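Undergrad: Coordinates for the following, if possible.
(one chain, ligands or ions: 2)
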Amino acid sequence: GAAAPPRAIAKLPEHVVNRIAAGEIIQRPSNALKELIENALDAGATSIRITVKDGGLKLLQIQDNGSGIRKDDLPILCERFTTSKIKAFEDLSSLGTYGFRGEALASISHVAHLSVTTKTRDETCAWKAAYSDGVMIPVKSGSDDPAPIPCAGNDGTVLAVEDLFYNTPQRLKALRSAADEYARILQVVIAYSIHNAGVAMSCKKASAGSSNATADVSTSLGASAIDNIGVTYSEQVKRELVEVSAESQEPSVTLRAWCSGTNYQGKKGRYLFFINNRFVDCSPLKRALEAFYSNFLAKGTHPFVYLSLDLDPTKVDPNVHPTKKEVGFEDETEIVEFVCEKLAERLASQGESRSYKVQT
Ligand code: ADP
Ligand code: MG
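TA: Ligands and ions are numbered 1, 2, ... in the order given. All right, here's what the predicted structure looks like:
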């Protein structure tokens, strides 16, 4: 049959473009929170307090004691592609921060109500601003002045994200339940609290009335990674883990890990992978470790592995995935082999008689 004549191509209105783009970056509350935690860490915070209502769909609030945001920067804070972290594309190859795209806050402002209260060390008071669709809007309803308003506040930043996905009903419907979203949020908080041990982090549900609901995660200033594994998972898991650390020149890699040995019997595999400090899925590594552990763990049981790899930043591409859930890196096969070898050596040195075979 005859094909239909082509339809005219038209440019989408900007707010539609922005809302579509935002949906790729902020897929669920836990993605938004990950971005906010990373911002707090980039700002040098040593304390991060998170409060959540309805699995983050009603409220995600995060308070940090980092650098704060300069008052003059508040008007462009939520514009797309505004960042204090890189200036040129080349800077991506020596990235020392989590952020680089200036898209997180912009995206959030396109799919939620966002407000910021922030104070730098130099200011005598804090400033509060509110945002919608990338631009600053009046903080007080009824006012038509979008300028930030002075208020009391501590050094650092409080960000409040309310009514996430209020304007994208399909997305809202696709999310399963507040309980499920909260579980994902806790996973993100736990992962970051272990990898950024030393920073005090807490996460709790907002409770009506009283402000002293007990936290579901709470780690202390100056704690170590293994301390925080004990606090966030269990003391029992902690006792089963051995530390692995190793370095290689070719390919250039530094490995630090805490992983379970032969006696561990996890019902579910727990894999926490960080590549250049970024919390990522790394399927090649996960597959290799599953194969490795299946050689000696009892059938149906799985390991616990917290693993951090520092790779040459010129060989890592953080810009391959909209939620940055994956990173690309060179020498993947060699690096995965290196990790399995070092784990095998370490577990063998535990003084157990079994041999640990590395599958390659
Ligand atoms: P990116 O992190 O990629 O730069 P974001 O949209 O996440 O982009 O943040 C935009 C900018 O806002 C950051 O570059 C930073 O300057 C500032 N910012 C965001 N969150 C904080 C925070 N918690 N403390 C201090 N500055 C922040
Ligand atoms: Mg960011």
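
Undergrad: Next up, the contacts around the residue of the stretch 201-350 of the chain found nearest ligand 1.
TA: For the stretch 201-350 of the chain and ligand 1, the shortest gap (C-beta to the nearest ligand atom) falls at Lys324, measuring 9.8 Å. Placement of C-beta: from N, CA and C, glycine included. Neighbouring residues of Lys324 by C-beta atoms under 8 Å, 6 or more residues apart in numbering: 278, 280, 318.

Undergrad: Out of those, list just those in strands.
TA: 278, 280 (DSSP state E).

Undergrad: show me where pLDDT drops low in the chain?
TA: By pLDDT under 70, the low-scoring segments of the chain are 1, 208-212, 351-360.

Undergrad: Helices of that one, start to end?
TA: Assigned helices in the chain, in chain order: 14-25, 29-42, 104-111, 169-174, 178-195, 225-232, 235-240, 283-294, 332-348 (criterion: DSSP state H).

Undergrad: what comes up buried for the longest one?
TA: The one in question is helix 178-195. 178, 181-182, 184-195 (16 or more other C-beta atoms under 10 Å).

Undergrad: the inter-axis angle of it versus helix 29-42?
TA: 30 degrees (axes from the mean of the first three to the mean of the last three C-alpha atoms, to 10 degrees).

Undergrad: quick one, what contacts Gln265?
TA: Applying C-beta under 8 Å, 6+ apart, the residues near Gln265 are 297-298, 301.

Undergrad: Among these, name the buried ones.
TA: 297, 301.

Undergrad: can you tell me if stretch 69-89 touches ligand 2.
TA: No. Using C-beta under 5 Å from the ion, stretch 69-89 never reaches ligand 2; the gap is at least 7.6 Å.

Undergrad: Can you show me the CA trace of that stretch as PDB?
TA: What follows is stretch 69-89, C-alpha atoms only, in PDB (Å, rounded to 0.1, in the frame of the first residue of the first chain):
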ATOM      1  CA  ILE A  69      25.500  28.200  47.700                       C
ATOM      2  CA  ARG A  70      26.300  31.900  47.000                       C
ATOM      3  CA  LYS A  71      23.300  34.100  47.100                       C
ATOM      4  CA  ASP A  72      24.200  35.500  43.700                       C
ATOM      5  CA  ASP A  73      24.100  32.000  42.200                       C
ATOM      6  CA  LEU A  74      20.600  31.300  43.300                       C
ATOM      7  CA  PRO A  75      18.800  32.700  40.300                       C
ATOM      8  CA  ILE A  76      20.600  30.200  37.900                       C
ATOM      9  CA  LEU A  77      20.800  27.300  40.300                       C
ATOM     10  CA  CYS A  78      18.100  25.300  38.600                       C
ATOM     11  CA  GLU A  79      18.800  26.300  35.000                       C
ATOM     12  CA  ARG A  80      19.900  23.300  32.900                       C
ATOM     13  CA  PHE A  81      23.600  23.000  32.400                       C
ATOM     14  CA  THR A  82      24.700  25.400  35.100                       C
ATOM     15  CA  THR A  83      27.500  24.000  37.200                       C
ATOM     16  CA  SER A  84      30.400  25.000  39.400                       C
ATOM     17  CA  LYS A  85      32.300  21.800  38.800                       C
ATOM     18  CA  ILE A  86      33.600  21.800  35.200                       C
ATOM     19  CA  LYS A  87      34.300  24.500  32.700                       C
ATOM     20  CA  ALA A  88      35.400  22.600  29.600                       C
ATOM     21  CA  PHE A  89      34.700  19.200  28.100                       C
END
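
Undergrad: Any part of that stretch near ligand 1?
TA: Yes. Stretch 69-89 is in contact with ligand 1 by C-beta under 6 Å from any ligand atom, via 69, 77, 83-85.

Undergrad: And for stretch 4-21?
TA: No. Stretch 4-21 is not in contact with ligand 1 by C-beta under 6 Å from any ligand atom; minimum separation 12.6 Å.

Undergrad: still on that earlier bit, could I get the contacts of Lys324 as TSV with distance to ligand 2 and neighbour count?
TA: Converted to TSV, those look like this (distance: C-beta to the ion, whole Å; neighbours: other C-beta atoms under 10 Å):
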residue	distance to ligand 2	neighbour count
Arg278	12	19
Val280	16	20
Pro318	12	20
